[in-house]
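>>> Predicted structure and sequence below. I'll ask about it afterward.
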Amino acid sequence: MDTTCIMCPMGCALTVTEQDGKVVVTGNTCPRGEKYGVAEYSHPERVVTTLLKTTRGGVVSVKTDRPIPKDKIGDFLAWAAAFRVEGVVVTGDVIAEDPVSCGARVVATADYGV
Ligand code: SF4
């Protein structure tokens, strides 16, 4: 698997392979790249940002408070499309606790209705 390390602006081009049951990363300039490559190969995750509609017709920007597995992102976006935020929101408010059962809360990244 070829990928790009996103742990710093250098963006090293990584190649990740499996040899004798071990994940091997090449192309990294530092140990963080190896750690990233192994994680990306074994259990890729992303912090997800999106907009949630409100009951008053606006939108609130939110993000997950930790990375979620890539295979849960579709479920998360389906939840986000159906969910409606009620009332006033302040940056940092928890909008939902673990909506797709992977341990990530949804937090507001901007005020709404303040
Ligand atoms: S491998 Fe190291 S130097 Fe290269 S992008 Fe990743 S963190 Fe930066």
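Arrived safely, thanks for sending.
>>> Go ahead and confirm G37 touches V16.
Yes - the criterion here is C-beta atoms under 8 Å, and G37 meets it with V16 at 4.6 Å. Bear in mind the C-beta positions are built from the backbone N, C-alpha and C, glycine included.
>>> what's the overlap in contacts for these two?
Counting by C-beta atoms under 8 Å, 6 or more residues apart in numbering, the shared contacts of G37 and V16 are T3, V23, V25.
>>> Sticking with whatever residue of the chain ends up closest to the ligand, tell me its helix or strand.
Residue nearest to the ligand within the chain: G33 (2.3 Å; C-beta to the nearest ligand atom). In the assignment (DSSP states H and E), G33 maps to helix 31-42.
>>> what comes up buried for that helix?
G33, E34, Y36, G37, V38, E40, Y41 (16 or more other C-beta atoms under 10 Å).
>>> For the very next helix or strand once past that helix, give me every contacting residue.
Using DSSP H and E, the helix or strand that follows helix 31-42 in sequence is strand 45-46. Strand 45-46 has contacts (C-beta under 8 Å, 6+ apart) with A39, P67, I68, P69, K70, I73.
>>> just the strands in the chain please.
Remark: strands assigned in the chain by DSSP state E are 2-4, 13-19, 22-26, 45-46, 49-54, 59-64, 68-69, 84-85, 94-96, 106-108.
>>> Walk me through the domains of this structure.
2-42, 49-108 (automatic domain parsing).
>>> Let me see the contact set for the spatially most central residue of the chain.
A centroid search over the chain (C-alpha atoms, centre = their mean) returns V47, at 1.5 Å, as the residue closest to the centre. The contact partners of V47, by C-beta under 8 Å, 6+ apart, come to K63, T64, R66, P67, I68.
>>> next one: V88
Y112, G113, V114.
>>> partners of the helix or strand of the chain with the lowest mean pLDDT, with directions?
Every helix and strand of the chain was ranked by mean pLDDT, DSSP states H and E. The lowest is strand 45-46, at a mean of 94. Using DSSP bridges, strand 45-46 pairs in its sheet with strand 68-69 (antiparallel).
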